[in-house]
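In: give me the fold of what follows.
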Amino acid sequence: MKALVQRVERASVHVDGEVVGAIGPGLCVLVGVTHSDTAAIAQRLAQKLWKLRIFDDDDGRMNRSVADSAGELLIVSQFTLYADTKKGNRPSYVDAANSAVAEPLVGEVVDHLRSLGATVATGSFGAMMQVELVNSGPATFSLDLA
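Out: Below you'll find the model as predicted:
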């Protein structure tokens, strides 16, 4: 499982011109699933997102987690995180899990975060989504739980 994590002031997802998910300060997370991912890996990702210390403390150091900061999370499925661009100019997506595998695992990330007490918004799996965000400083992180 891969995730691209952006610390944001706010973020939203639109489908067909309507907002389907929106958050205030917190994390905008694009999640990619591969064939070998499991519910245990999805739960590990949720734990990592909940405890990742990338929010500023009183001294301006990245020392607080989204849990410590009462931040929200926007989780958006993103199969293109598994794009293989090594050969040619057209990405290959053979490493991305199909929707029958990916959708329940992204759901597991969301469910586990909520069980931890997180406020979580989501996109719409498989839809053509427009993600809009206002980042909070240059704070983008790539997580790979393979």
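In: close enough to count as contact, Val120 and Val106?
Out: No. Look at Val120 against Val106 with Cβ atoms under 8 Å: they stay out of range, at 11.1 Å. Placement of C-beta: from N, CA and C, glycine included.
In: which neighbours do those two have in common?
Out: With contacts defined as Cβ atoms under 8 Å, 6 or more residues apart in numbering, the residues shared by Val120 and Val106 are Ile75.
In: neighbour-wise, which of those two wins?
Out: Per other Cβ atoms under 10 Å, whichever of Val120 and Val106 has more neighbours is Val106, with 26 against 22.
In: can you tell me the closest non-neighbouring residue to the more buried one?
Out: Nearest residue to Val106, sequence neighbours excluded (Cβ to Cβ, 6 or more residues apart in numbering): Ser77, at 4.8 Å.
In: same question, Val5
Out: Distances taken as Cβ to Cβ, 6+ apart place Phe141 nearest to Val5, at 4.4 Å, with adjacent residues excluded.
In: list the contacts of the one you found.
Out: Applying Cβ under 8 Å, 6+ apart to Phe141 gives the contacts 4-6, 52, 54.
In: now, of the residues you listed, which are buried?
Out: Buried by 16 or more other Cβ atoms under 10 Å: 4-6, 52, 54, out of these.
In: can you redo those residues as CSV, where the extra columns are distance to Lys86 and pLDDT?
Out: As requested, those are exported to CSV (distance: Cβ to Cβ, whole Å; pLDDT from 0 to 100):
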residue, distance to Lys86, pLDDT
Leu4, 19, 97
Val5, 24, 98
Gln6, 25, 97
Leu52, 29, 97
Ile54, 30, 96
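In: I'd like to know which of those residues are part of strands.
Out: 4-6 (DSSP state E).
In: now tabulate those in TSV and tack on distance to Tyr82.
Out: Below are those laid out as TSV (distance: Cβ to Cβ, whole Å):
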residue	distance to Tyr82
Leu4	12
Val5	16
Gln6	18
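In: all helices of the chain, in order?
Out: 39-51, 66-69, 99-115 (DSSP state H).
In: of all those helices, which lies closest to Ala127?
Out: helix 99-115 (11.3 Å; Cβ to Cβ).
In: so which elements touch the closest one?
Out: Helix 99-115 makes packing contacts with helix 39-51, strand 72-77, strand 119-122 when contacts are defined by 3 or more Cβ pairs under 8 Å, 6 or more residues apart in numbering; DSSP states H and E.
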